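J.: What shape does this take:
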Amino acid sequence: MADAVVEAPAPLQPIDLTDDAVVTQVLDLAERVGEVVLAAGTAVTDTTDQIEFIASTYGMSNCDIDVTYNSIRISADRGPTMPPASTMRVVHYRSLDFTRLAAVDRLTRRIRRELVPPEEALAALDEITSAPHPYNRWISTFGWALMAAGVALLLNGGLLIALISFATTFLIDRTNRRLNRRGLPFFFQHMVGGMIAAVPAVLVSTFASHLRLDPALIIAAGIAVLLAGLQLVGSVEDAITGAPITASARMLEVVMMTGGIIAGIVLTLRVSELLNLTVPTVDMSPGRDLTNLPVKLFAGAITSLAFALACYAERRALAAAAFSGAAATIAYLLVQHAGFGPIISSGVAAVVVGLAGGLLARRALTPPLVVTLAGITPLLPGLRVYRGLYALLNNEQLIGLNQLFSAFAVGCALAAGVTLGEWFARDLRRPRIINRLNTIRRPRLG
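T.: Just a heads-up that it's a prediction; the model follows:
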């Protein structure tokens, strides 16, 4: 296979550092590769490594790279007789196109393996970034809706709740796509999404109470879908690995978008009370347990697979995402059944996801970010967020703040666990890489 990943890089053939045009091409290539991976939510350290990987391939190993939330700066030292070459690129967008991310990942490895000329690599990158999504947007919408149905099943919702969650999320996605085309800021898009998520729950509580459904799960599933893909993992990983400025910016974005979701739900519930409609109550019993374990494993796998599908992942990545979601679900349930709380259970499950992402992603020729983001989606604390919101609306501030803080702690545990799991994966792979390098470098006798 032409794009097969090889661990041992080919010998480098440095460019002429006195040729300003070629140096500019290399810096532009490195920055644009960094732009794609940063826009997908990759942590600063991994983005920096990717940029350095490109630059050092062409002999520009002495570079200062500064990556922030929305910009990339590179300054390359060309020796004592030449002025440094520097460039800057602003990242104007955020994109969860996992096919594009995987294609850029393979391109960087091909550059290192085949020593592709800079102009040819730039042409290949142009083709990747300008290519349309691999499948229709309606399929992506179907993925988001299927994810909501999976979350509802994970939270002990029945088939009818799953179907209502599916339809609700389908409407949320189509509405927000239309609003995005009109340029509405993402905060208000999430606010509209929260409103749409709450309306069916209110209607079910008011007019279908005889069905004995738990309409709060519809809201919880909608919250989980709207939270999915936010840069919580990247923000915590940046904080852990020494990029506090970018971590703060990403965390602020997560807080603001979550605030938009909560504002939309609160507005809908308040209007419902004014209209004398029934506001969905909340069952405070645990939402995840070992009952119906086969169904929950299936739901966890479907939830992760659906998230990967919604983010335009390649077909070969879908199986890895489903396996990661099932592994996260069983790890969470077993740890919780052993007597640990949701925060520790989420952290342990996230370590499993990070480890699986690091090991499985290479076999699937998919960046670890694709597997890890998909893997933690079944564990997002949508129900806990709604429980806290419901308590605050009923003047139970202590309970509400406790639930919201617990939801935030679960999110941080997920992000920290993924970071630790990825570190374990790299540590496990390092001896094998070193052995391969030693085998290549060992001189032949005779």
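J.: Of all residues in this protein, which one is nearest the centre?
T.: What sits nearest the mean C-alpha location of the chain, by C-alpha atoms, centre = their mean, is L373, with 3.8 Å.
J.: That residue against A43, yeah?
T.: No: the pair L373 / A43 is not scored as a contact, 11.9 Å apart, by C-beta atoms under 8 Å. To be clear about C-beta, it is placed using only N, CA and C from the backbone, and glycine gets the same treatment.
J.: hang on, the earlier thing: please export the alpha-carbon coordinates of the helix or strand encompassing the residue nearest to the centre of the chain; CSV is fine.
T.: According to DSSP states H and E, L373 maps onto helix 368-376. Taking C-alpha atoms only, helix 368-376 is exported to CSV below (Å, rounded to 0.1, in the frame of the first residue of the first chain):
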residue,chain,number,x,y,z
PRO,A,368,-5.5,8.9,17.4
LEU,A,369,-7.7,12.0,17.9
VAL,A,370,-10.4,10.3,15.7
VAL,A,371,-10.6,7.2,17.9
THR,A,372,-10.3,9.0,21.3
LEU,A,373,-12.9,11.7,20.6
ALA,A,374,-15.3,9.1,19.3
GLY,A,375,-14.5,6.8,22.2
ILE,A,376,-15.4,9.2,25.0
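J.: next helix or strand past it?
T.: Downstream of helix 368-376, the next assigned helix or strand under DSSP H and E is helix 382-393.
J.: Touching that next one from outside, list them.
T.: 151, 155, 216-217, 219-225, 227, 258, 261-262, 265-266, 269-270, 279-282, 284, 287, 342, 397, 399-407, 410 (C-beta atoms under 8 Å, 6 or more residues apart in numbering).
J.: ok now the helix holding L373, how far from the chain's centre?
T.: 6 Å (C-alpha atoms, centre = their mean, to the nearest Å).
J.: Which strands and helices lie in contact with that helix?
T.: Here helix 368-376 touches helix 98-114, helix 232-240, helix 293-310, helix 315-337, helix 342-363, helix 397-441, going by 3 or more C-beta pairs under 8 Å, 6 or more residues apart in numbering; DSSP states H and E.
J.: ok and the longest one relative to helix 342-363, angle-wise?
T.: Here the directions of helix 397-441 and helix 342-363 differ by 30 degrees (axes from the mean of the first three to the mean of the last three C-alpha atoms, to 10 degrees).
J.: Just give the nearest non-adjacent residue to G264, would you?
T.: Once flanking residues are discounted, G264 sits nearest to G194: 2.6 Å by C-beta to C-beta, 6 or more residues apart in numbering.
J.: In three-state terms, how would that neighbour be classified?
T.: What DSSP: H, G, I helix; E, B strand; the rest coil gives for G194 is helix.
J.: ok so, going back, is it possible to mark the buried ones in the contacts of helix 382-393?
T.: For these, a burial check counting by 16 or more other C-beta atoms under 10 Å picks out 151, 155, 216-217, 219-225, 227, 258, 261-262, 265-266, 269, 279-280, 282, 287, 342, 399-400, 403-404, 406-407, 410.
J.: isn't T281 right next to I219, touching?
T.: No: at 11.4 Å, T281 does not count as touching I219 under the criterion of C-beta under 8 Å.
J.: how near is the residue nearest to the centre of the chain to P14?
T.: Here L373 is placed at a distance of 36 Å from P14 (C-beta to C-beta, to the nearest Å).
J.: Now do the same contact list for G300.
T.: 150, 154, 325-326, 328-330, 378.
J.: Can you pick out the most distant pair from those residues?
T.: By the measure C-beta to C-beta, G150 and I330 form the most distant pair in the contacts of G300, at 14.8 Å.
J.: got the domain boundaries for this structure?
T.: 20-132, 137-431 (automatic domain parsing).
J.: any idea of the mean pLDDT in the first one?
T.: What it means is domain 20-132. The average pLDDT for domain 20-132 rounds to 87.
J.: And that domain, how far out from the chain middle?
T.: Centre to centre, stretch against its chain (C-alpha atoms, centre = their mean), the figure for domain 20-132 is 21 Å.
J.: which stretches of the protein have low pLDDT?
T.: Applying pLDDT under 70 to the chain flags residues 1-13, 229-233, 282-289, 360-365, 429-446.
J.: buried residues in the helix or strand containing A162?
T.: Here A162 sits within helix 159-181, counting by DSSP H and E. Neighbour counts over helix 159-181 (16+ other C-beta under 10 Å) mark 161-162, 164-166, 168-174, 176, 179 as buried.
J.: now the helices for the stretch 1-150 of the chain?
T.: 20-39, 44-57, 98-114, 118-130, 137-154 (DSSP state H, counting those that start in this stretch).
J.: Give me the buried positions along the third one.
T.: Counting neighbours by 16+ other C-beta under 10 Å, one finds that the buried residues in helix 98-114 are 98-113.
J.: The shortest one too?
T.: Applying a neighbour-count criterion of 16+ other C-beta under 10 Å, the buried positions in helix 118-130 are 118, 121-122, 124-125, 128-129.
J.: Turn these into a markdown table, including distance to P367.
T.: A markdown table is the format used below for these (distance: C-beta to C-beta, whole Å):
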| residue | distance to P367 |
| --- | --- |
| P118 | 23 |
| A121 | 18 |
| L122 | 21 |
| A124 | 17 |
| L125 | 16 |
| I128 | 13 |
| T129 | 16 |
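J.: Out of those, the closest to E314 would be?
T.: The closest of the buried residues of helix 118-130, once distances to E314 are taken by C-beta to C-beta, is I128, at 12.7 Å.
J.: Now do the contacts for the closest one.
T.: Applying C-beta under 8 Å, 6+ apart to I128 gives the contacts 36, 100, 103-104, 107.
J.: still on that earlier bit, kindly reformat the helices of the stretch 1-150 of the chain as JSON lines containing distance to P200.
T.: Shown next, in JSON lines, are the helices of the stretch 1-150 of the chain (distance: least, C-beta to C-beta, whole Å):
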{"stretch": "helix 20-39", "distance to P200": "33"}
{"stretch": "helix 44-57", "distance to P200": "39"}
{"stretch": "helix 98-114", "distance to P200": "29"}
{"stretch": "helix 118-130", "distance to P200": "38"}
{"stretch": "helix 137-154", "distance to P200": "11"}
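J.: among these, which is nearest A239?
T.: Comparing the helices of the stretch 1-150 of the chain by C-beta to C-beta, helix 44-57 comes nearest, at 10.1 Å.
J.: In that closest one, which residues are buried?
T.: For helix 44-57, burial by neighbour count (16+ other C-beta under 10 Å) applies to 44-48, 50-57.
J.: what kind of secondary structure is L277 in?
T.: Secondary structure, three-state DSSP: L277 is coil.
J.: For the nearest residue to it once chain neighbours are set aside, give me its contacts.
T.: Nearest non-adjacent residue to L277, counting by C-beta to C-beta, 6+ apart: T206, 4.7 Å away. Residues in contact with T206, defined by C-beta under 8 Å, 6+ apart, are 272, 277-278.
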